[in-house]
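Undergrad: Test case, fold it:
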Amino acid sequence: MLLFVRKTYLFWFFILSSCSQNGPAGLFKKVSPHEQYASNLRDAGLLTTALGREWLAAAEKSLQNPLTVSIPYMETGYFPASQAMASALRFQARRGTKISIDFSKKPLQGFTVYIDLWEDRKGENKRLLAYADTNGAAFHYEVDDRDAFYILRLQPELLSAGEYTLSITSGPSLAFPVKGGKMQSFWGAARDAGARQHEGIDIFAPKRTPALAVADGVINRVGINNLGGKVVFLRPHKKNFSIYYAHLDTQLVSGGQSVKVGDTLGLVGNTGNARGGSPHLHLGIYGSGGAIDPFHFIDPVLKKPQPITSKLTALGRAYRTSTAGKLFIGPSRSAASVASLEANTFVRILSASSSWYKVALPDGLEGYLPSGQVRTLENSLDRYRVTAESPLLDKPNDATGSKRKLTTGDDLLVYARFQDYMYVKLGELDGWVKTPKAAGL
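TA: Predicted coordinates for the structure are as follows:
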């Protein structure tokens, strides 16, 4: 019967995977691949099945209970075909940065993972911002508005399994304006004996070094003023701010001119109130709300994620904790604790990141553990002889189904624990039994 049900699901998923991304749901608005797949499940009547409901519930639960990471971040993980799963990571990105999402998978065919980026603002509904195509190509998102938190959700199609590697990095959303220039005076520095603050960044370079366009756009003003001397304003395409170039020795563009990133707008100098000082470019950014700190828009330093040192052979497998410890919301001992675990607690390894494992407890709670804090289940912890007829449970919960009835005298090997239950094996059969109070386990 189980084989028949699985074949029925596989038949429907073959049909669903063949559906066009421009089906009925796309007639009225552009939808993400994840939304289109959910629509296909609904049209096929599969969201009324247990597996379909689990898939939808996993998608929503992951958004409501994401784990927390800092970027740059990289993980390698595994999604099994045996259950509906989704993973969500919450992180902060600074205004002016460009978030880059890179994703690779094995196998390349038959393993589709939907990747969505959401904005998570306190007191507001989560908002879908961007998504990857189903081929897993890298995608980017520029943070123009303000510092904010984001959630990246990964969810595979039903009944598909595979390994993946995810990388989340951030870098400048604008190009650097002076080749070889050095940033030395930053936003907020005191000016005129503290009467005002610096509203930009000074980039020092030899006199008459080219000052370059940091983005494609239009020159919306060229002029001269007392503070900035010879200045140029560049309005990048599709942005709600302008770039201010000041202290130029020479202006080489005119108002209304279209430019490409890297085009020379002028030459570095020391005009205006920089007269007599070292030549430099004052770069400012101005939006409708006034001046904006340019640093994260142009900072050329790119940080790479820490390499993964945790063993990837553990992915998807059941392990147990070697010692008592905390389960963390992120891969850091300074992260908040989501649970305290006893030694020999059953965990399933979901992914590896640097020297950490992301794990799931039998009740579905997820978090991070140092990779050195888990052990394989190769060796049993103890033996337990059944003293009265009892069920061998599928999960550590009396409300779950029974795999079989255990009879008096059955000799069980104990491999791990969770709360008031023991994870045991009887020959090739595994499952959970209630921990007898007298057993001392």
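
Undergrad: only C-alpha atoms for contact and neighbour calcs from this point on.
TA: Will do.

Undergrad: ok, which stretches of the stretch 151-300 of the chain are strands?
TA: Applying DSSP state E, counting those that start in this stretch to the stretch 151-300 of the chain gives strands spanning 162-172, 182-185, 190-191, 196-197, 201-204, 210-212, 217-225, 229-236, 241-251, 258-259, 264-268, 280-287, 290-292.

Undergrad: quick one: buried residues of stretch 358-367?
TA: 358-362, 366-367 (16 or more other Cα atoms under 10 Å).

Undergrad: hang on, the earlier thing: mean pLDDT and distance to A50 added to the strands of the stretch 151-300 of the chain, as CSV?
TA: Shown next, in CSV, are the strands of the stretch 151-300 of the chain (pLDDT from 0 to 100; distance: least, Cα to Cα, whole Å):
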stretch, mean pLDDT, distance to A50
strand 162-172, 97, 22
strand 182-185, 89, 58
strand 190-191, 65, 63
strand 196-197, 72, 61
strand 201-204, 96, 57
strand 210-212, 98, 58
strand 217-225, 97, 52
strand 229-236, 98, 50
strand 241-251, 98, 50
strand 258-259, 98, 56
strand 264-268, 98, 61
strand 280-287, 96, 50
strand 290-292, 92, 51
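
Undergrad: need those strands in CSV with distance to G372 and mean neighbour count, can you?
TA: Output for the strands of the stretch 151-300 of the chain, formatted as CSV (distance: least, Cα to Cα, whole Å; neighbours: other Cα atoms under 10 Å):
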stretch, distance to G372, mean neighbour count
strand 162-172, 21, 20
strand 182-185, 42, 14
strand 190-191, 49, 12
strand 196-197, 49, 12
strand 201-204, 45, 22
strand 210-212, 49, 25
strand 217-225, 52, 17
strand 229-236, 49, 24
strand 241-251, 49, 24
strand 258-259, 54, 19
strand 264-268, 54, 24
strand 280-287, 47, 24
strand 290-292, 44, 15
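
Undergrad: Relative to S353, which of these is closest?
TA: Closest approach to S353 among the strands of the stretch 151-300 of the chain is made by strand 162-172 (9.8 Å; Cα to Cα).

Undergrad: just the CA coordinates of that closest one, formatted as CSV?
TA: Extracted in CSV, the C-alpha atoms of strand 162-172 (Å, rounded to 0.1, in the frame of the first residue of the first chain):
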residue,chain,number,x,y,z
GLY,A,162,20.1,16.0,-2.4
GLU,A,163,23.0,17.9,-1.1
TYR,A,164,23.6,21.6,-1.4
THR,A,165,26.1,24.4,-0.7
LEU,A,166,24.8,27.9,0.1
SER,A,167,26.9,31.0,0.4
ILE,A,168,25.6,34.4,1.5
THR,A,169,28.0,37.4,1.1
SER,A,170,27.7,41.1,0.9
GLY,A,171,29.8,43.8,-0.9
PRO,A,172,29.5,47.3,-2.1
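
Undergrad: Export the buried residues of stretch 358-367 as JSON lines, with columns for distance to Y421, secondary structure and pLDDT.
TA: Rendered in JSON lines, the data for those read as follows (distance: Cα to Cα, whole Å; DSSP: H, G, I helix; E, B strand; the rest coil; pLDDT from 0 to 100):
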{"residue": "K358", "distance to Y421": "22", "secondary structure": "strand", "pLDDT": "98"}
{"residue": "V359", "distance to Y421": "19", "secondary structure": "strand", "pLDDT": "98"}
{"residue": "A360", "distance to Y421": "16", "secondary structure": "strand", "pLDDT": "98"}
{"residue": "L361", "distance to Y421": "13", "secondary structure": "coil", "pLDDT": "98"}
{"residue": "P362", "distance to Y421": "11", "secondary structure": "coil", "pLDDT": "97"}
{"residue": "E366", "distance to Y421": "19", "secondary structure": "strand", "pLDDT": "98"}
{"residue": "G367", "distance to Y421": "21", "secondary structure": "strand", "pLDDT": "98"}
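
Undergrad: Determine which two of the residues you listed are furthest apart.
TA: K358 and P362 (13.6 Å).

Undergrad: which one of the buried residues of stretch 358-367 is nearest R375?
TA: Comparing these against R375 with Cα to Cα places V359 closest, at 12.7 Å.

Undergrad: show me the contacts for the nearest residue to that closest one once chain neighbours are set aside.
TA: In space, V359 comes closest to I349 once its chain neighbours are excluded; the distance is 4.6 Å by Cα to Cα, 6 or more residues apart in numbering. Residues near I349 by Cα atoms under 8 Å, 6 or more residues apart in numbering: 314-319, 357-360.

Undergrad: Buried ones among the residues you listed?
TA: So, of these, 314-316, 318-319, 357-360 end up buried under the neighbour-count rule (16+ other Cα under 10 Å).

Undergrad: Where does the prediction get shaky in this protein?
TA: 1-29, 188-196, 438-441 (pLDDT under 70).
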